[in-house]
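Trainee: Just need the structure, nothing else, for what follows:
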Amino acid sequence: MKIGKLLLILCAMVVPFTLSGCNTAKTDTADSGEHADDHGHDHGEDGHSHGDEGHSHDLGPHGGHLIELGGEKYHVEWDHDDEAKILTFYVLDADAKKDVAIADENIKITVAVDDAKKDFEVPAVRSEGETTTAKFETKDADLFALVTADEANATVTLEIEGTPYEGEIEHHAH
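Mentor: Numbering: from 1, shown residues only. Next comes the predicted model:
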């Protein structure tokens, strides 16, 4: 009988610890000063730190990877469709939540592999009659292969309201 009570008490103590685990609920960023992403883990004060991993992992409103521009004055979200071999870029606001339409006909992607650099232009996606857009897209197979390769260094360059911006494109495996 003593063994039964001992096991019951032991289970009563162990179960709460086992169930507590990691809390994956989003935090309220307005109150805590911390930043949480859709994966449920907090980011540091800069909004992008992953401890020792050292890379950005936030996702934009279109499900792509974020690039900071001008000290987070703007962002560019980029995504790649591995099956269709399409690269898509969106210009976003400081909070990386809303599209920011710009007048550029193209944005420039510069890719460096070893000592060689190559520039690519990614055209704007506009409906007829539109003079601005936040979306740029390309099916350039060479650019796709270079940007999605781990050994390539790529940057995006564009102009927003008369100011040039540049940001580093980091590849993230899915």
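
Trainee: Now Glu161. Nearest residue, chain neighbours left out?
Mentor: Closest residue to Glu161 in three dimensions, ignoring its sequence neighbours and counting by CB to CB, 6 or more residues apart in numbering: Ile102, at 7.8 Å. The way it works is simple: take the backbone N, C-alpha and C, and place the C-beta from them, glycine included.

Trainee: Enumerate the beta-bridge partners assigned to the one you found.
Mentor: When bridges are assigned using DSSP bridges, the partners listed for Ile102 are Thr133.

Trainee: That one: neighbouring residues, count only.
Mentor: By other CB atoms under 10 Å, 18 other residues sit near Ile102.

Trainee: Ok, Gly71 next?
Mentor: Applying other CB under 10 Å, I find that Gly71 has 7 neighbouring residues.

Trainee: now it: how far from Lys118?
Mentor: Counting by CB to CB, to the nearest Å, the gap from Gly71 to Lys118 is 28 Å.

Trainee: State the distance from Glu121 to Leu59.
Mentor: Glu121 is 26 Å from Leu59, by CB to CB.

Trainee: out of those two, which sits in the more crowded spot?
Mentor: Comparing Glu121 with Leu59 by neighbour count (other CB under 10 Å), the higher total belongs to Leu59, at 17 against 14.

Trainee: these two touch, right, that one and Trp78?
Mentor: No: look at Leu59 against Trp78 with CB atoms under 8 Å: they stay out of range, at 11.0 Å.

Trainee: what is in contact with those two at once?
Mentor: Taking CB atoms under 8 Å, 6 or more residues apart in numbering as the contact rule, the neighbours common to Leu59 and Trp78 are His65.

Trainee: what about Thr155, how many neighbours?
Mentor: Using other CB under 10 Å, the number of residues around Thr155 comes to 15.

Trainee: I misspoke; the intended subject was Ala84.
Mentor: Here the neighbour count serves as a burial measure; for Ala84 (other CB under 10 Å) it reads 9.

Trainee: Glu105 too?
Mentor: The local packing count at Glu105 equals 11, with neighbours defined by other CB under 10 Å.

Trainee: And for Ala116?
Mentor: The burial metric for Ala116, expressed as a neighbour count using other CB under 10 Å, is 7.

Trainee: swap in Gly70?
Mentor: Taking other CB under 10 Å as the criterion, the count of residues near Gly70 is 14.
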